[in-house]
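> What shape does this take:
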Amino acid sequence: MILTFLGDYVYGHGICVSSGSFIEAFGKVGISEEATRSTLTRMVGRGLLRRQRSGRRMYFGLTPTSTEVLKDGERRIWHSGVVNDSGADQWTLIGFSLPESWQRQRHELRSRLVWAGFGPLQNGLWIAPGEVDAAGVIEDLDANVKVFAAEPRQPTDMQALVRDAYDLEGLGERYREFLRRWDQADPAPDAPDDLARSLMLLTGWLQIIRTDPRLPLRYLPHDWPAEKAQRVCHSLHERFRPQAARIVADLLDTVQDESWAER
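Residues are numbered from 1 along each chain as shown. Presented below is the predicted three-dimensional model:
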């Protein structure tokens with residue numbers, strides 16, 4: 001949810017935000033001050049935020065890492081879309097071999113592969129639709145990785161392959177659950193205001209699309225709910241945004257990001 005807030009109100013503005021502003025914003029969705037402070041500290045430790053002191057107050061700004069994460073999130077939400085109707089049937093294959101003792105690297109690589117749209121074909125061999133830049137996936141892991149561009153050939157049953165490599169049933173249900181929650185006249189009626197609704201909406205949406213590999217439409221069920229869910233998300237975001245922006249303008253305590261000019 002912090003990344004959602006950063007993407008909507010901090011990314012691209014060259015500002016740092018006080019811890020108090022985060023606490024006030026997330027208190028609207030029931031997140032405690034302690035939890036917010038703890039999460040901010042963890043994000044600093046992971047290189048996703050940087051601290052900047054001004055007077056007696058502590059402010060938090062973006063880092064190059066979080067800027068890239070938010071840029072990718074912006075692309076996924078507003079530009080690439082959830083429907084892949086490309087006529088090409090091209091795929092990227094990644095094969096890797098890691099020692100059994102490299103449990104941390106193995107977990108990290110698999111997490112990155114899922115984020116990049118890959119699904120497992122078999123042990124150590126993963127596939128993703130389209131042409132994926134694998135350099136960013138394997139960067140800094142020192143893994144023995146081989147990457148290929150591929151096209152299916154007979155007798156490969158791509159429908160069966162996609163079903164085996166990806167949890168289509170689970171992904172489709174997440175889209176349907178999103179629609180059950182948000183595709184109604186008065187969504188999230190218990191939320192205190194449209195800032196809270198906007199944060200919940202986009203956070204929930206990101207949690208779904210971050211696991212959606214954007215598989216070719218030809219291999220998906222005919223009643224695939226992703227496109228309808230996307231229309232609902234975009235429409236509600238536009239509906240919530242005016243009041244949410246006014247609320248944020250009132251609660252934001254910011255200073256100029258001193259690292260902004262260096263980027």
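
> what's the helix or strand for residue 192?
Residue 192 is located outside every helix and strand, with elements delineated by DSSP states H and E.

> Tell me where the stretch 101-250 of the chain has strands.
119-122, 125-129, 144-150 (DSSP state E, counting those that start in this stretch).

> Ranking these by mean neighbour count, which comes first?
Neighbour counts (mean count of other Cβ atoms under 10 Å) averaged over each of the strands of the stretch 101-250 of the chain peak at strand 125-129, with a mean of 21. (Each C-beta comes from the backbone N, C-alpha and C, glycine too.)

> how far out from the middle of the chain is that strand?
19 Å (Cα atoms, centre = their mean, to the nearest Å).

> Contacts for that strand, please.
When contacts are defined by Cβ atoms under 8 Å, 6 or more residues apart in numbering, strand 125-129 is touched by residues 84, 90-96, 113, 116-121, 150, 161, 165, 213-216.

> got TSV for the strands of the stretch 101-250 of the chain, with distance to residue 28 and mean pLDDT too?
Below are the strands of the stretch 101-250 of the chain laid out as TSV (distance: least, Cβ to Cβ, whole Å; pLDDT from 0 to 100):
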stretch	distance to residue 28	mean pLDDT
strand 119-122	37	90
strand 125-129	37	93
strand 144-150	43	87
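
> Ok, which of those comes nearest residue 254?
strand 125-129 (38.6 Å; Cβ to Cβ).

> what pairs with the closest one, and is each one parallel or antiparallel?
strand 91-97 (antiparallel), strand 119-122 (antiparallel) (DSSP bridges).

> Need the contact partners of the last one.
Where contact means Cβ under 8 Å, 6+ apart, the residues beyond strand 119-122 that reach it are 93, 126-128, 161-162, 164-166, 213.

> Excluding chain neighbours, what is closest to residue 57?
With Cβ to Cβ, 6 or more residues apart in numbering as the criterion, residue 57 has its nearest non-adjacent residue at 5.4 Å, and that residue is residue 18.

> How about residue 73?
residue 7 (5.5 Å).

> Please pull up the helix or strand immediately following the host helix or strand of that neighbour.
According to DSSP H and E, residue 7 maps onto helix 2-9. Using DSSP H and E, the helix or strand that follows helix 2-9 in sequence is strand 15-18.

> same question for that following strand, mean pLDDT?
Mean per-residue pLDDT for strand 15-18: 96.

> now for it, which elements pack on it?
On a contact count with 3 or more Cβ pairs under 8 Å, 6 or more residues apart in numbering; DSSP states H and E, strand 15-18 meets strand 57-62, strand 254-256.

> Let me have the ones you listed in TSV, extended by mean neighbour count, mean pLDDT and distance to residue 105.
Shown next, in TSV, are those (neighbours: other Cβ atoms under 10 Å; pLDDT from 0 to 100; distance: least, Cβ to Cβ, whole Å):
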stretch	mean neighbour count	mean pLDDT	distance to residue 105
strand 57-62	21	94	27
strand 254-256	16	94	38
